[in-house]
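Peer 1: sequence and predicted structure are below.
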Amino acid sequence: MKRRTFIRTASASGLACTLPPIFPNFYNSDYSMEELMGKADVELYGEGINLRKEACDSFLEMKKAAFTDGFDIKMVSSFRDYYRQEGIWERKYLRFTEDDGMEPLDAIEKIIEYSTIPGTSRHHWGTDIDIIDGYPNITNNVLDPEKFGPGGPFEGFKLWMDENSEKYGFYLVYTNESKRRGFKYEPWHYSYAPLSIPMLTAYRKLNILKLLQREEFLGSEHFTAGFIRTYIQDNILDINPKLL
Ligand SMILES: [Zn+2]
């Protein structure tokens, strides 16, 4: 039942005053569970950009400004659906457990240094990007924190982003804050806050543990309630506080 219809019916029958504040919050979410977990068909914009409309428009403006200042923003990764993330996860899981002979739990800990559990990636939302500067001629291992630091090929680009990205709504997610837990420092990963903040709010209302227990990808049988709770606390929520 739609909220408005319900209110009308309720007041017509004289019940309005006796009812508790209408519905649990998830009814107010504009985002479905499938959408938040990367399982919905989302409308994406921009050739080679693949973001939600508002994020794409703002990205293009930022790209233009960066270009004027001598940087050629290149998209390494943007939207990624559940099934792509599942592929990444399972490939790493097999490499660590079979090729490297690691125990399942150690392999999982190792994967989540940089990769997310399928269904929990911010890249599922169409708001998050991994970017580099296209000008320096770097072809391999571009997503390496050292390349964005002092003396690295993307040092100037990172400084430009520090100075300008927030004007366009893009915030660094996994900062270099030493007390931060969860994913390691990712100087390339930005999020379009005007959309991703409400999406994270909606995401937090899902029962992630229950949803993940329904999935059957390699290694998921080793997830315990405690592991997922810590993962949510550290990897999903211990991010740049401006994105909460
Ligand atoms: Zn990323």
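Peer 2: Done, it's in. Residues are numbered from 1 along each chain as shown.

Peer 1: okay, CA-based contacts and neighbour counts for the rest of this
Peer 2: Will do.

Peer 1: could you say what helices and strands the longest helix along the chain packs with?
Peer 2: In the chain, assigned by DSSP state H, the helix with the most residues is helix 53-68. Secondary-structure packing of helix 53-68 (3 or more CA pairs under 8 Å, 6 or more residues apart in numbering; DSSP states H and E): strand 73-77.

Peer 1: is the strand it packs on in proximity to the ion?
Peer 2: No - judged by CA under 5 Å from the ion, strand 73-77 stays clear of the ion, getting no closer than 6.8 Å.

Peer 1: output the below-cut-off pLDDT ranges for this structure.
Peer 2: Counting by pLDDT under 70, the chain has low-confidence residues at 1-28.

Peer 1: for the longest helix of the chain, which outside residues touch it?
Peer 2: 43-46, 49-50, 72-73, 126-127, 160, 165, 168-169, 192, 195 (CA atoms under 8 Å, 6 or more residues apart in numbering).

Peer 1: over to stretch 143-159?
Peer 2: F71, I132, D133, P136, Y185, E186, P187, W188.

Peer 1: apart from its chain neighbours, what residue comes closest to the fourth one?
Peer 2: Right, the one you point to is P136. With CA to CA, 6 or more residues apart in numbering as the criterion, P136 has its nearest non-adjacent residue at 6.2 Å, and that residue is P153.

Peer 1: count the neighbours of the one you found for me.
Peer 2: 19 (other CA atoms under 10 Å).

Peer 1: repeat for G48
Peer 2: The number of residues near G48, taken as other CA under 10 Å, comes to 11.

Peer 1: and for the one 3 residues further on?
Peer 2: L51 is surrounded by 25 other residues when neighbours are defined as other CA under 10 Å.

Peer 1: ok, now which ones touch it?
Peer 2: So L51 contacts L44, Y45, S78, F79, G126, T127, D128 (CA under 8 Å, 6+ apart).

Peer 1: what does it show for phi and psi?
Peer 2: Backbone geometry at L51, expressed as degrees, to the nearest 10, gives phi -130, psi 170.

Peer 1: excluding its backbone neighbours, what's nearest it?
Peer 2: G126 (4.6 Å).
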